[in-house]
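S.K.: Everything below, folded, please.
(2 chains)
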Amino acid sequence: MKYYAYYPGCSAEATAVGLGLSAQAIAKPLDMDLIELEDWTCCGSTPYGSLDKLESTAVAARNLALAEKTGLDLVTPCSSCFVTLSEANLHLKEHRDIMNQVNEALSVVNLEYHGTVRVRLLLEVLINDITPEVIATKVERPLNGLKVAPYYGCQEARPNYGFDNPEFPQSLDRLVESLGAEAIPYPLKNHCCGGALVISEEDLALDLMHKLLANAVNNGAQCIATPCPLCQTNLDAYQSRVNKKFKTNFNLPILFFTQLMGVAVGLSEEDLGLKTNIVPPQKVLAKYL
Amino acid sequence: MEKKTRADTFVDEISAIPGGEGVRLCIQCGTCTASCPSATRWEYTPSGVIAMIRAGMRDEVLSSSSIWHCLSCYFCTVRCPRGVKPTELFHILECLAEQHGFRTSETRTPVMYRSFVSSIKGNGRVHEFGMMLRYYLTINPLAALKLLPVGLQLFSHKRMPLLPKKVKGKDDLSKIIQKFKEVRGG
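M.R.: Here you go, the predicted structure:
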């Protein structure tokens, strides 16, 4: 059994509840213990860092300090939390003055951060600690014949925290293939879906999503699998808006990669929150459920 | 006698901020602009903004909607041949614009970001429904009607809880933020 301090991220409790449920569900069959960081708060987030970077670093630091007390690696399934926490961690370690100021602020609640936490993405942990080879041995329902478009989004491999290739990431392809499915190649697999700007600049985001969906479907995808809560929510919940704007009829299920893994290792639809997916994945997955 | 120009002052301001150190390394190759998925929506292109920093055009840069179109996709950052870290630069510019009260009517992204941050400060975590509600009340409640179908889909699929989760650490987080404001101010 491998032990980790687990940071779900805010969306895993709401818009990305399917990620929250399925990440916890697959842990046990893969001999991982994801111990939720007690009383965690927001990671700092890109919007916060775009209005007040230093203050968002202090917000991130509370979680880093809590994680440091556990002595375990801090693992998050959310690409955006991963980048925010990693960046804050780096800034704190590289800038002694910021670390001192943040620690003075943390001291009012008896916390202190020394900069020793290793922040990790769940996908990376599955690849490097658990490994696709071992995952393949846990598969009870091989996803043979399923054509999956692995969608990385942006913040899985960029900026570069040394895990996957920022221009041509492959970790998710390897994971998908370890489940018996076919990871289809398509050029836009690491391009942007519009992110949070879907709220304020919907037109821009719909353009980007349209290109992505068309690219995946034209290359034979029966579904998309992604690690990112925001990418999944955008492509799933806004797919009907894309169809309306571009007069298309996409009906492409968008799964969290952890949901796909869960199906393969024999977990139930309920365990994996498949009913929270808006474009229903049941038909494409019927053979395997 | 050494004299600072307007250009020097703005470049100095940016490069003194963590993440902004690379601004002087830019060679205007345009890789960032060519890599940017939203560049066509920028009033000034990403590389143009960097050129404007170097030219000391502080007010023009900070009052433009350009920087608010950054999607944080980090393509420019991983491709920049000089290691400028444009994504971090744009975040720095956004922070400066916010801190010094520059306002743009060309994009609602800053309003959305403020709603997001309010939600974090109020709840300890982001409460997505509350954030959206605050955003639409600020811009135009009627605009929410257009997105009602998306919201209802999320709600009916149990992805949009109406009430925020109670987070014990909320008060601790408020104390940390409060103290941090004092520390950095002093």
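S.K.: So for residue 77, what's the pLDDT?
M.R.: Just so you know, I chose chain A. We have a pLDDT of 98 for residue A:77.
S.K.: if you could check chain B rather than the one you did, that'd help
M.R.: Value listed for residue B:77 in the pLDDT field: 98.
S.K.: And residue B:1, by the same measure?
M.R.: Residue B:1 is given a pLDDT of 55.
S.K.: again with the one 5 residues further on
M.R.: The predicted local confidence for residue B:6 comes out at a pLDDT of 78.
S.K.: mind listing the helices in the chain by residue range?
M.R.: You didn't pick a chain, so chain A it is. Secondary structure of chain A (DSSP state H): helices at A:17-27, A:46-51, A:53-70, A:79-94, A:96-106, A:122-125, A:132-138, A:171-178, A:197-200, A:202-218, A:229-237, A:239-246, A:257-264, A:282-285.
S.K.: you looked at the wrong chain, it should be chain B
M.R.: B:6-15, B:31-35, B:46-54, B:58-63, B:75-79, B:86-99, B:109-123, B:128-139, B:143-156, B:170-185.
S.K.: Indicate whether the fourth one makes contact with chain A.
M.R.: No: with CB under 8 Å from any CB of the partner chain as the measure, helix B:58-63 is seen stopping short of chain A, the closest distance being 13.3 Å. (C-beta placed from N, C-alpha, C; glycine too.)
S.K.: I'd like to know which elements that helix is packed against.
M.R.: helix B:6-15, helix B:46-54, helix B:86-99 (3 or more CB pairs under 8 Å, 6 or more residues apart in numbering or on different chains; DSSP states H and E).
S.K.: I'd like the mean pLDDT over that helix, please.
M.R.: On average, helix B:58-63 scores 97.
S.K.: Can you list the neighbours in contact with it?
M.R.: B:6, B:9-10, B:13, B:44, B:49, B:52-53, B:67, B:93, B:96-97, B:100, B:102-104 (CB atoms under 8 Å, 6 or more residues apart in numbering or on different chains).
S.K.: go on, stretch A:94-106?
M.R.: Residues contacting stretch A:94-106 (CB under 8 Å, 6+ apart): A:54, A:57-58, A:61-62, A:65, A:91-93, A:112-113, A:115, B:18, B:176-177, B:179-180, B:183-184.
S.K.: Which among those count as buried?
M.R.: Buried subset of these (neighbour count, 16 or more other CB atoms under 10 Å in any protein chain shown): A:54, A:57-58, A:61-62, A:65, A:91-92, A:113, B:18, B:176-177, B:179-180, B:183-184.
S.K.: nearest to residue A:220, of those?
M.R.: Distance to residue A:220, by CB to CB, is smallest for residue A:91 among the buried ones among the contacts of stretch A:94-106, at 42.5 Å.
S.K.: The closest one touches residue A:58, doesn't it?
M.R.: No: if you go by CB atoms under 8 Å, residue A:91 and residue A:58 don't touch, sitting 10.7 Å apart.
S.K.: can you count the residues close to residue 5?
M.R.: In the absence of a named chain, chain A is used. Counted with other CB atoms under 10 Å in any protein chain shown, the neighbours of residue A:5 add up to 26.
S.K.: let's do chain B instead
M.R.: Residue B:5, neighbours per other CB under 10 Å, totals 10.
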